[in-house]
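Asks: I would like to see how this sequence folds:
(one chain, ligands or ions: 1)
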Amino acid sequence: MDFTTLGKTGLKVSIAGLGCGGPSRLGLRNDSQSADNAVALIKQAIDLGVNFLDTAQTYGTEPIVGKAIAGIPRDQLVLSTKKTLPADDHPDPESEIAKGLEQSLKLIGTDYIDVYHLHGVEPKDYAFAKNRLMPAMRRLKEQGKIRFIGVTEGFVIDPAHTMLQKSLQEGLWDVVMVGFSLLNPSARKNVFPMTQKNGVGVLDMFAVRRALSQPSRLKEMCAELVVKGALAKDSVDVNDPLGFLLKDTDAATLPEAAYRFCRHEPGVDVVLTGTGNPAHLKENIAAILKPALAKASLEKLDRLFGGLDFLTGN
Ligand SMILES: NC(=O)c1ccc[n+]([C@@H]2O[C@H](COP(=O)([O-])OP(=O)(O)OC[C@H]3O[C@@H](n4cnc5c(N)ncnc54)[C@H](OP(=O)(O)O)[C@@H]3O)[C@@H](O)[C@H]2O)c1
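Replies: Purely as a prediction, here's the structure:
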């Protein structure tokens with residue numbers, strides 16, 4: 001495993017992080033998979049050198065993380081979890097934040113969280129998050145119950161990173177979780193210059209979703225882009241839009257190419273990968289450790305998707 005420093009937090013983190021949410025939720029979204037399999041996936045990731053684990057109040061995987069890490073010295077792990085936003089008319093949102101943290105600590109079986117995030121802050125939530133929730137987050141940090149404050153964007157609603165662009169100017173966060181992939185690299189212009197300037201740690205989500213793991217979804221998405229005029233018809237093979245990546249680089253699969261794309265982006269600290277499949281986990285961690293894709297292929301990707309800020313690949 002390779003390690004890096006998560007911005008000014010100083011935390012030493014593996015460049016591959018395990019996402020315990022996402023479409024698979026460690027396999028728990030699929031009824032045939034058990035909690036024991038999910039625990040085994042986390043242990044597998046740790047055995048492969050991953051020390052960064054990301055979960056959330058809403059994922060239902062906090063107790064699974066707790067089971068998997070029992071007995072491991074706490075300082076060998078960097079734990080990230082998230083608080084669902086209380087409603088903006090909640091009578092006491094600050095207590096709700098403190099209560100959520102206590103619940104997470106109990107479920108995970110730890111007495112502190114390394115990075116505690118406000119979960120999925122959309123542009124419409126930002127003023128509420130800043131004015132009503134951040135005082136409680138700062139108090140938890142002062143009390144030592146959380147080490148650093150993070151935010152995750154609502155990427156599906158806000159694929160151009162409006163919330164982060166605004167909030168990063170106000171210096172609220174130690175760490176941010178950002179949607180960034182080869183289909184929507186707009187964070188390169190809209191987010192990373194600011195995080196790098198201010199030493200804010202960056203966790204990358206959405207490196208691989210449906211369009212980059214299901215060929216039929218990719219074809220559909222590119223056909224829609226051609227109809228919209230966002231992709232020139234003669235610039236892309238609509239039957240195999242990213243086939244050139246597998247021909248012109250040494251990547252064996254599109255998910256591999258997609259993870260390598262993210263891992264080598266200056267400004268990305270940790271690439272998150274979530275799965276219910278142990279073989280995928282092994283492949284994805286290996287992909288994140290491989291060298292950058294060939295320059296000519298990166299340039300072609302930039303010509304095709306570099307200007308798009310509305311895709312999620314979901
Ligand atoms: N706003 C937020 O706070 C937010 C939103 C989304 C995600 N997150 C966090 O970020 C983490 C990463 O999220 P993500 O959006 O990037 O999704 P993800 O959780 O990494 O899920 C990736 C998806 O791609 C599939 N996949 C993975 N590897 C594959 C491979 N090698 N071949 C084919 N299919 C593969 C997985 O299915 P299989 O199970 O079949 O492998 C899964 O459905 C999440 O787990 C979560 O912790 C946070």
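
Asks: burial count for the closest residue to the ligand within the stretch 151-300 of the chain?
Replies: Closest residue of the stretch 151-300 of the chain to the ligand, Cβ to the nearest ligand atom: G274 (2.2 Å). C-betas here are computed from N, CA, C, even on glycine. For G274, the neighbour count with other Cβ atoms under 10 Å is 25.

Asks: who's in contact with the closest residue to it other than its chain neighbours?
Replies: Excluding its sequence neighbours, the residue lying closest to G274 (Cβ to Cβ, 6 or more residues apart in numbering) is G19, at 3.2 Å. Neighbouring residues of G19 by Cβ atoms under 8 Å, 6 or more residues apart in numbering: D54, M205, L272, T273, G274.

Asks: Show me the beta-bridge partners of G19.
Replies: D54 (DSSP bridges).

Asks: ok so, going back, touching, the residue of the stretch 151-300 of the chain closest to the ligand and A16? I think so.
Replies: No. Applying Cβ atoms under 8 Å as the test, G274 and A16 come out as separate, 11.2 Å apart.

Asks: Might one say that G267 is in contact with N198?
Replies: No. Using Cβ under 8 Å, G267 is not in contact with N198; the gap is 11.5 Å.

Asks: higher neighbour count, the two?
Replies: More crowded of G267 and N198, by other Cβ under 10 Å: G267, with 17 against 14.

Asks: Regarding the more buried one, what is its secondary structure?
Replies: Here G267 is recorded as coil under DSSP: H, G, I helix; E, B strand; the rest coil.

Asks: Distance check, it against H117.
Replies: In this view, G267 and H117 are 18 Å apart by Cβ to Cβ, to the nearest Å.

Asks: go on, L133?
Replies: L133 is 11 Å from H117, by Cβ to Cβ.

Asks: So between those two, which is more surrounded?
Replies: Taking neighbours as other Cβ under 10 Å, L133 and H117 compare with H117 leading, 26 against 23.

Asks: Next one: the more buried one, what pLDDT does it get?
Replies: With respect to pLDDT, H117 has a value of 98.

Asks: do you know how far it is from G201?
Replies: 11 Å.

Asks: quick one: common contacting residues for these two?
Replies: G150, V175.

Asks: And the pLDDT for K233?
Replies: pLDDT at K233 comes out at 85.

Asks: residues touching it, list them.
Replies: Counted by Cβ under 8 Å, 6+ apart, K233 has contacts V226.

Asks: S297 versus that one, what's the distance?
Replies: Relative to S297, and taking Cβ to Cβ, K233 is found at 21 Å.

Asks: And for I149?
Replies: Following Cβ to Cβ, the distance that separates I149 from S297 is 37 Å.

Asks: Also F148?
Replies: 35 Å.

Asks: and the helix or strand hosting Q165, C-alpha only, in CSV?
Replies: Assessed by DSSP states H and E, Q165 sits inside helix 162-169. In CSV, the C-alpha atoms belonging to helix 162-169 read as follows (Å, rounded to 0.1, in the frame of the first residue of the first chain):
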residue,chain,number,x,y,z
THR,A,162,-21.4,24.7,-6.2
MET,A,163,-21.5,24.1,-2.4
LEU,A,164,-17.8,23.3,-2.1
GLN,A,165,-16.8,26.2,-4.3
LYS,A,166,-18.6,28.6,-1.9
SER,A,167,-17.7,26.9,1.4
LEU,A,168,-14.0,26.4,0.6
GLN,A,169,-13.7,30.2,0.3
